[in-house]
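[1] this one's sequence-less:
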(Lines give C-alpha, C1' and ligand atoms only; values in the text may rest on other atoms or scores of the structure.)
Protein backbone atom coordinates (compact mmCIF):
# COMPACT_ATOMS: atom_id res chain seq x y z
CA UNK A 1 0.00 0.00 0.00
CA UNK A 2 1.36 3.41 -0.97
CA UNK A 3 1.54 6.01 1.78
CA UNK A 4 0.25 9.33 0.52
CA UNK A 5 0.37 12.17 3.01
CA UNK A 6 -1.14 15.63 2.80
CA UNK A 7 -0.42 18.70 4.86
CA UNK A 8 -1.79 20.65 6.48
CA UNK A 9 -4.87 18.70 7.55
CA UNK A 10 -6.92 21.90 7.63
CA UNK A 11 -6.39 25.52 6.80
CA UNK A 12 -8.29 28.77 7.28
CA UNK A 13 -7.41 31.74 5.11
CA UNK A 14 -8.91 35.15 4.45
CA UNK A 15 -10.54 35.95 1.14
CA UNK A 16 -7.90 37.23 -1.25
CA UNK A 17 -5.02 35.36 0.38
CA UNK A 18 -2.96 32.95 -1.66
CA UNK A 19 -2.29 29.55 -0.20
CA UNK A 20 -0.66 26.22 -0.94
CA UNK A 21 -0.72 22.68 0.33
CA UNK A 22 1.54 19.68 0.00
CA UNK A 23 1.12 16.10 -1.08
CA UNK A 24 3.97 13.64 -0.51
CA UNK A 25 4.10 10.17 -2.01
CA UNK A 26 6.61 7.36 -2.52
CA UNK A 27 8.82 8.28 -5.47
CA UNK A 28 9.53 4.70 -6.53
CA UNK A 29 7.33 3.07 -9.21
CA UNK A 30 5.47 6.29 -9.82
CA UNK A 31 2.87 6.60 -12.60
CA UNK A 32 0.69 9.59 -11.87
CA UNK A 33 -0.42 12.11 -9.30
CA UNK A 34 -4.04 13.29 -9.17
CA UNK A 35 -5.60 16.29 -7.43
CA UNK A 36 -9.33 16.40 -6.68
CA UNK A 37 -11.57 19.01 -5.13
CA UNK A 38 -14.34 17.73 -2.88
CA UNK A 39 -17.05 20.16 -1.83
CA UNK A 40 -19.39 19.27 1.01
CA UNK A 41 -22.37 17.16 -0.08
CA UNK A 42 -20.94 16.74 -3.56
CA UNK A 43 -18.66 14.20 -5.21
CA UNK A 44 -14.92 14.72 -5.72
CA UNK A 45 -14.03 16.37 -9.04
CA UNK A 46 -10.69 16.11 -10.78
CA UNK A 47 -8.48 19.17 -10.93
CA UNK A 48 -5.28 17.80 -12.41
CA UNK A 49 -3.56 14.57 -13.43
CA UNK A 50 0.20 14.85 -13.72
CA UNK A 51 2.69 12.24 -14.82
CA UNK A 52 6.02 13.88 -15.64
CA UNK A 53 8.66 15.22 -13.28
CA UNK A 54 8.54 19.00 -13.39
CA UNK A 55 4.95 19.05 -14.67
CA UNK A 56 3.05 22.24 -13.92
CA UNK A 57 -0.67 22.56 -14.56
CA UNK A 58 -3.02 25.48 -14.18
CA UNK A 59 -6.77 25.93 -14.11
CA UNK A 60 -7.84 29.49 -13.45
CA UNK A 61 -6.46 30.55 -10.07
CA UNK A 62 -5.41 27.01 -9.15
CA UNK A 63 -2.11 25.47 -10.19
CA UNK A 64 -0.06 22.43 -9.27
CA UNK A 65 3.53 21.27 -9.56
CA UNK A 66 5.06 17.82 -9.46
CA UNK A 67 8.45 16.55 -8.30
CA UNK A 68 8.60 12.81 -8.86
CA UNK A 69 12.25 12.44 -7.84
CA UNK A 70 11.64 13.65 -4.31
CA UNK A 71 8.00 12.56 -4.16
CA UNK A 72 5.95 15.69 -3.63
CA UNK A 73 3.37 17.89 -5.31
CA UNK A 74 2.17 21.36 -4.40
CA UNK A 75 -1.28 22.79 -5.04
CA UNK A 76 -1.48 26.58 -5.15
CA UNK A 77 -4.57 28.78 -4.99
CA UNK A 78 -4.06 32.42 -5.87
CA UNK A 79 -6.44 35.01 -4.40
CA UNK A 80 -8.64 32.54 -2.50
CA UNK A 81 -12.41 33.01 -2.72
CA UNK A 82 -15.12 31.60 -0.43
CA UNK A 83 -16.18 29.23 -3.23
CA UNK A 84 -12.71 27.64 -3.03
CA UNK A 85 -13.67 26.22 0.36
CA UNK A 86 -13.48 22.46 -0.01
CA UNK A 87 -11.37 19.44 0.81
CA UNK A 88 -8.50 18.97 -1.62
CA UNK A 89 -7.46 15.37 -2.16
CA UNK A 90 -4.34 14.07 -3.80
CA UNK A 91 -3.84 10.52 -4.98
CA UNK A 92 -0.88 8.63 -6.36
CA UNK A 93 -0.68 5.54 -8.51
CA UNK A 94 2.39 3.32 -8.32
CA UNK A 95 3.05 0.02 -9.96
CA UNK A 96 -0.27 -1.42 -8.80
CA UNK A 97 -3.40 -0.74 -10.78
CA UNK A 98 -4.90 1.52 -8.20
CA UNK A 99 -4.86 5.03 -6.82
CA UNK A 100 -4.02 5.64 -3.19
CA UNK A 101 -5.56 8.75 -1.70
CA UNK A 102 -4.26 11.02 1.01
CA UNK A 103 -6.61 12.11 3.79
CA UNK A 104 -7.04 15.56 2.29
CA UNK A 105 -6.54 19.20 3.20
CA UNK A 106 -9.71 20.98 4.30
CA UNK A 107 -9.62 24.60 3.17
CA UNK A 108 -11.94 27.26 4.58
CA UNK A 109 -11.86 30.71 2.98
CA UNK A 110 -13.29 33.35 5.27
CA UNK A 111 -15.07 36.31 3.66
CA UNK B 1 -25.10 14.05 -19.52
CA UNK B 2 -21.98 12.05 -18.65
CA UNK B 3 -22.34 10.70 -15.16
CA UNK B 4 -21.81 7.97 -12.60
CA UNK B 5 -25.03 7.06 -10.81
CA UNK B 6 -25.19 5.32 -7.45
CA UNK B 7 -28.23 3.95 -5.64
CA UNK B 8 -29.34 4.19 -2.96
CA UNK B 9 -27.92 7.52 -1.85
CA UNK B 10 -28.87 6.88 1.77
CA UNK B 11 -29.60 3.61 3.51
CA UNK B 12 -30.07 2.49 7.08
CA UNK B 13 -30.03 -1.25 7.57
CA UNK B 14 -29.45 -3.86 10.24
CA UNK B 15 -26.59 -6.25 10.83
CA UNK B 16 -26.70 -9.28 8.59
CA UNK B 17 -29.26 -8.06 6.05
CA UNK B 18 -27.73 -8.41 2.59
CA UNK B 19 -27.68 -5.28 0.51
CA UNK B 20 -26.44 -4.12 -2.88
CA UNK B 21 -25.34 -0.64 -3.85
CA UNK B 22 -25.62 -0.17 -7.59
CA UNK B 23 -23.26 1.88 -9.73
CA UNK B 24 -23.74 2.69 -13.38
CA UNK B 25 -21.75 4.89 -15.76
CA UNK B 26 -22.73 6.09 -19.22
CA UNK B 27 -19.27 7.09 -20.46
CA UNK B 28 -18.13 3.68 -21.77
CA UNK B 29 -15.27 3.66 -19.26
CA UNK B 30 -13.20 0.51 -18.87
CA UNK B 31 -12.09 1.14 -15.30
CA UNK B 32 -14.46 1.25 -12.32
CA UNK B 33 -13.76 1.28 -8.61
CA UNK B 34 -15.41 1.43 -5.19
CA UNK B 35 -14.09 3.52 -2.29
CA UNK B 36 -15.18 4.12 1.26
CA UNK B 37 -14.64 7.36 3.12
CA UNK B 38 -14.36 7.42 6.90
CA UNK B 39 -13.61 10.43 9.13
CA UNK B 40 -9.89 11.19 9.33
CA UNK B 41 -9.03 8.69 6.63
CA UNK B 42 -8.56 9.14 2.92
CA UNK B 43 -10.68 7.40 0.35
CA UNK B 44 -9.83 3.73 0.67
CA UNK B 45 -10.27 1.43 -2.26
CA UNK B 46 -12.48 -1.63 -1.78
CA UNK B 47 -12.48 -3.29 -5.21
CA UNK B 48 -11.71 -2.23 -8.73
CA UNK B 49 -12.34 -3.54 -12.22
CA UNK B 50 -10.17 -3.05 -15.28
CA UNK B 51 -12.88 -4.28 -17.65
CA UNK B 52 -15.82 -6.66 -17.96
CA UNK B 53 -15.32 -9.86 -15.93
CA UNK B 54 -12.02 -8.54 -14.49
CA UNK B 55 -12.13 -7.51 -10.83
CA UNK B 56 -9.43 -7.16 -8.17
CA UNK B 57 -9.23 -6.45 -4.47
CA UNK B 58 -8.27 -3.01 -3.27
CA UNK B 59 -6.96 -2.13 0.16
CA UNK B 60 -10.07 -2.98 2.23
CA UNK B 61 -12.03 -5.75 0.45
CA UNK B 62 -13.11 -7.75 3.52
CA UNK B 63 -16.89 -8.06 3.81
CA UNK B 64 -17.58 -6.91 0.24
CA UNK B 65 -18.16 -8.51 -3.13
CA UNK B 66 -18.41 -7.02 -6.60
CA UNK B 67 -19.24 -8.15 -10.10
CA UNK B 68 -18.66 -6.69 -13.57
CA UNK B 69 -20.94 -8.48 -16.00
CA UNK B 70 -21.51 -5.41 -18.15
CA UNK B 71 -19.20 -2.52 -18.88
CA UNK B 72 -21.52 0.12 -17.48
CA UNK B 73 -22.44 -1.54 -14.15
CA UNK B 74 -20.34 -2.33 -11.09
CA UNK B 75 -22.50 -3.23 -8.08
CA UNK B 76 -21.11 -3.45 -4.54
CA UNK B 77 -22.56 -6.28 -2.47
CA UNK B 78 -22.51 -6.53 1.30
CA UNK B 79 -23.51 -10.14 2.00
CA UNK B 80 -23.76 -9.71 5.77
CA UNK B 81 -23.30 -6.07 6.73
CA UNK B 82 -21.77 -5.19 10.08
CA UNK B 83 -21.63 -1.87 11.96
CA UNK B 84 -17.98 -1.32 10.95
CA UNK B 85 -19.20 -1.02 7.36
CA UNK B 86 -21.08 2.14 8.24
CA UNK B 87 -19.47 4.61 5.88
CA UNK B 88 -19.79 6.89 2.88
CA UNK B 89 -19.25 4.91 -0.31
CA UNK B 90 -18.15 6.27 -3.68
CA UNK B 91 -18.16 4.57 -7.04
CA UNK B 92 -15.83 5.98 -9.68
CA UNK B 93 -14.94 5.29 -13.30
CA UNK B 94 -12.11 6.23 -15.60
CA UNK B 95 -11.54 6.01 -19.36
CA UNK B 96 -8.08 4.45 -19.02
CA UNK B 97 -6.55 1.77 -16.88
CA UNK B 98 -4.52 3.46 -14.17
CA UNK B 99 -1.34 1.51 -14.90
CA UNK B 100 0.78 2.66 -17.79
CA UNK B 101 1.57 6.07 -19.27
CA UNK B 102 -2.01 7.05 -20.03
CA UNK B 103 -3.61 8.05 -16.77
CA UNK B 104 -7.25 8.98 -16.69
CA UNK B 105 -8.98 11.09 -14.09
CA UNK B 106 -11.65 9.45 -11.98
CA UNK B 107 -15.29 10.43 -12.36
CA UNK B 108 -17.14 9.95 -9.09
CA UNK B 109 -20.73 9.17 -8.29
CA UNK B 110 -22.57 11.26 -5.71
CA UNK B 111 -21.90 8.86 -2.87
CA UNK B 112 -24.01 6.43 -0.85
CA UNK B 113 -24.22 6.94 2.89
CA UNK B 114 -24.75 3.59 4.58
CA UNK B 115 -25.57 3.05 8.24
CA UNK B 116 -25.54 -0.47 9.66
CA UNK B 117 -27.24 -0.81 13.05
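    Received, thanks. This is a predicted model, so every value here is computed, not measured. Numbers count the residues shown, from 1 in each chain, chains lettered A, B, ... in the order given.
[2] switch to C-alpha atoms for all contacts and neighbour counts from now on
    Will do.
[3] mind listing what whichever residue of chain B sits closest to chain A touches?
    For chain B, the residue closest to chain A is residue B:42, as judged by C-alpha to the nearest C-alpha, at 3.7 Å. By C-alpha atoms under 8 Å, 6 or more residues apart in numbering or on different chains, the contact list for residue B:42 reads A:101-104.
[4] state the helix or strand in which it lies.
    Under DSSP states H and E, no helix or strand contains residue B:42.
[5] who touches stretch A:59-69?
    Contact with stretch A:59-69 is made by A:27, A:30, A:33, A:47-48, A:50, A:52-58, A:72-79, as judged by C-alpha under 8 Å, 6+ apart.
[6] buried ones in it?
    For stretch A:59-69, the neighbour count (16 or more other C-alpha atoms under 10 Å in any protein chain shown) marks A:62-68 as buried.
[7] next: stretch A:29-47.
    Along stretch A:29-47, the positions that meet the burial threshold by neighbour count (16+ other C-alpha under 10 Å) are A:30-39, A:43-47.
[8] thinking again about what came up before, what's the closest non-adjacent residue to the residue of chain B closest to chain A?
    Spatial nearest neighbour of residue B:42, chain neighbours left out: residue A:103 (3.7 Å); criterion: C-alpha to C-alpha, 6 or more residues apart in numbering or on different chains.
[9] for chain B, give me its nearest residue in chain A.
    Counting by C-alpha to the nearest C-alpha, chain A gets nearest to chain B through residue A:103 (3.7 Å).
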